[in-house]
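In: Provided below for reference: sequence and predicted model.
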Amino acid sequence: MKAIAPKTIRLYNSLSGQKEIFTPVHEGRVGLYVCGPTVYSDAHLGNCRTFVNFDIIYRFFEYCGYKVRYVRNITDVGHLVGDVDDAGADDKIGKKARAEQVEPMEIVQRYTNGFHDVMRQLNTLSPSIEPRATGHILEQIEMIETILKNGWAYIKNGSVYFDTLKYAKADKGYGQLSGRILEDLLVETRDLKNQDEKQHPSDFALWMKAAPQHLMHWNSPWSVGFPGWHLECSAMSTKYLGKTFDIHGGGNDLKFPHHENEIAQNVGACGCQPAKYWLHANMLLLYGKKMSKSDGYYVAPNELFAGTCELKDENGGKMLTKAYSPMTVRFFILQAHYRSTMDLTDSGLQAAEKGWKYLTETYKLLKNMVAPKGAKPLLDKQLDELANAAFEDMSDDFNCPKAMSRLFELGSKINALKGGQLSMKEVSEDCLRRMEQVFHDFMFKIFGLRDESADAASTHATMNGLMQLVIEMRQQARTTKDWTTSDKIRATLQQVGIDLRDGKEGTTWVKN
RNA sequence: GGUUGCGUAGCCAAGUGGUUGGGCAGUGGUCUGCAAAACCUCCUACAGCGGUUCGAAUCCGCUCGCAACCUCCA
């Protein structure tokens, strides 16, 4: 059962620079391609933000009843270190493999596992298909042949390059996505740098002839070599989603050159734009600056979860002072819109931790609330409107922060009903049950949060039995006004992370 | 230097031509044996300077500041 079924979804298309109404290529279906990670090292939190954002988009389409094929690739070849498209340049994975004296595929396997582990902790759903570049060499070779046949590429010393100048001059729209224009390309012509193989600096490799020391290489009609980075996404999206599919997503930093070149390859091979809508997730900043692996300026998810991040600010203080659970991090990510930059800070995470706790506690209250017989539903309309607004917010370019704010407004009503500041006689049982559904669906299905306290359900049952005993003994002390004993029990429990709350209907406990 | 985006109260962060977004922190209350939690209250801002408009934080221009991309990046 769904709480409500939104009808239209509007999304911001990077290609047009406008919000558009989503109309699927195939009725009731969504083809979604998202550029995945390059598995040459551990993913950092910035990578995670993008994938969490698209996880929510994936979840929301499914929630609205669409059948989604979500393809997210694993890049395991083709990403170069150093001078790009220079025949001597090294593959990121190959470089790491040589440094550690292992097979490149061992590197790939290790970091793919690590990536999956982090994604699982952050409670993201697996994509429908997670194709690897090395598993699609044939498809990539075929695509290069088509591009060559169509005249958009040239061969030089066993490598194949895409002819961006010819393509741009043919008015195919090169630069449309990233805002780069033909004139800029022409200006650059004067500065040919030292890339003698390429006819123009903006040309990019479709196939690279491998240098002798290069570990990852395959046979091709042109040379023993390897595919260019941009090509895998074109080949795999076409294979699994068709020549034209609905949505292509990725991080903002991939807009140029990666996505621009991807479009050029698709148009060059198939004659049509690959995706109707392009969605770009913005960057996660760390105290105002983009995380960067090469500068060592980044947060590893596992360090954040364990509280072992050692990054220092300019005063030598720890940037992140404590551990934050995966769901706190996910909640934090939800509080910014996917198209905005977001600043990761210690205080921001602490705020998220409290907000997340409030929502889970509120949901638990709601589950156990029952409207009295004969209640007059004076509040129903207000609550319904808030819930409906939350779905509208999500339908408008996946506005999680706005939808979240509605849940908090609902939360204060629910807590007020529970606390007696609002009368339970003013809300109907139907409304309470609908609110329960709305909370459930938003928190767990759409936002993809997970009740972490339920993670250890069996432990919880044991704990609860013990706690009932402790609470009962403390209650005896309180009845005889033995405040020394009752306060000692409460203080000691607090030291081990358990809060007692004395309410009208007895004492409850909460584990921090 | 070029391109794009941003600049919102102590912090994070939505919105956007006319009515309080939200969270965290802080204030004062209610409740409580005291707390905690919860609820209510207060703090009520849109970088600066011009322009358009009956009216702009929201549109336009300029200035300043920040970020991202232009090289591998989610």
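Out: Thanks, I have it. Residues are numbered from 1 along each chain as shown, chains lettered A, B, ... in the order given.

In: and the residue of the stretch 251-400 of chain A nearest RNA strand B?
Out: A:G251 (1.5 Å; C-beta to the nearest atom of the strand). All C-beta spots, glycine's among them, are computed from the backbone N, C-alpha and C.

In: OK, contacts around the closest residue in space to that residue that isn't next to it in sequence?
Out: Sequence neighbours aside, A:T50 is the residue nearest to A:G251 in space, at 4.7 Å (criterion: C-beta to C-beta, 6 or more residues apart in numbering). Listed by C-beta atoms under 8 Å, 6 or more residues apart in numbering, the contact partners of A:T50 are A:34, A:250-251, A:281.

In: distance of A:G497 from A:E27?
Out: Distance from A:G497 to A:E27, counting by C-beta to C-beta, to the nearest Å: 52 Å.

In: how about the residues of the stretch 101-250 of chain A by RNA strand B?
Out: A:178-180, A:184, A:201, A:229, A:250 (C-beta under 7 Å from any atom of the strand).

In: may I ask which two of the residues you listed are separated the most?
Out: For those, with distances taken as C-beta to C-beta, the pair at the greatest spread is A:P201 and A:G250 (23.5 Å).

In: please identify which of these two sits among more neighbours.
Out: For A:P201 versus A:G250, neighbours defined as other C-beta atoms under 10 Å are more numerous around A:G250 (23 against 17).

In: element containing the more buried one, please.
Out: Under the criterion of DSSP states H and E, A:G250 resides in strand A:245-251.

In: once you drop chain neighbours, what's closest to A:L177?
Out: Spatially, and ignoring its direct neighbours in sequence, A:L177 is nearest to A:E260 (5.2 Å; C-beta to C-beta, 6+ apart).

In: packing partners for the helix or strand hosting the one you found?
Out: Element membership for A:E260 (DSSP H and E) is helix A:260-270. Under the contact criterion of 3 or more C-beta pairs under 8 Å, 6 or more residues apart in numbering; DSSP states H and E, helix A:260-270 touches helix A:137-149, strand A:159-162, helix A:164-169, helix A:229-241.

In: which residues sit against the shortest one?
Out: In other words, strand A:159-162. Strand A:159-162 has contacts (C-beta under 8 Å, 6+ apart) with A:85, A:87, A:144, A:147-148, A:152-154, A:197-199, A:203-209, A:222-223, A:225, A:261, A:264-265, A:268.

In: about what we covered before: which of the residues of the stretch 101-250 of chain A next to RNA strand B are buried? Put it as a ChimeraX command.
Out: Selection of buried members from these for ChimeraX, criterion 16 or more other C-beta atoms under 10 Å:
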select /A:178,180,201,229,250
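
In: could you list the low-pLDDT ranges of the stretch 251-400 of chain A?
Out: Applying pLDDT under 70 to the stretch 251-400 of chain A flags no residue at all.

In: show me where it has strands.
Out: Taking DSSP state E, counting those that start in this stretch as the criterion, the stretch 251-400 of chain A carries its strands at A:275-281, A:284-286, A:289-290, A:342-344.

In: now the stretch 1-150 of chain A
Out: For the stretch 1-150 of chain A, applying DSSP E, counting those that start in this stretch gives strands covering A:10-13, A:18-21, A:29-34, A:67-72, A:80-81, A:90-91.
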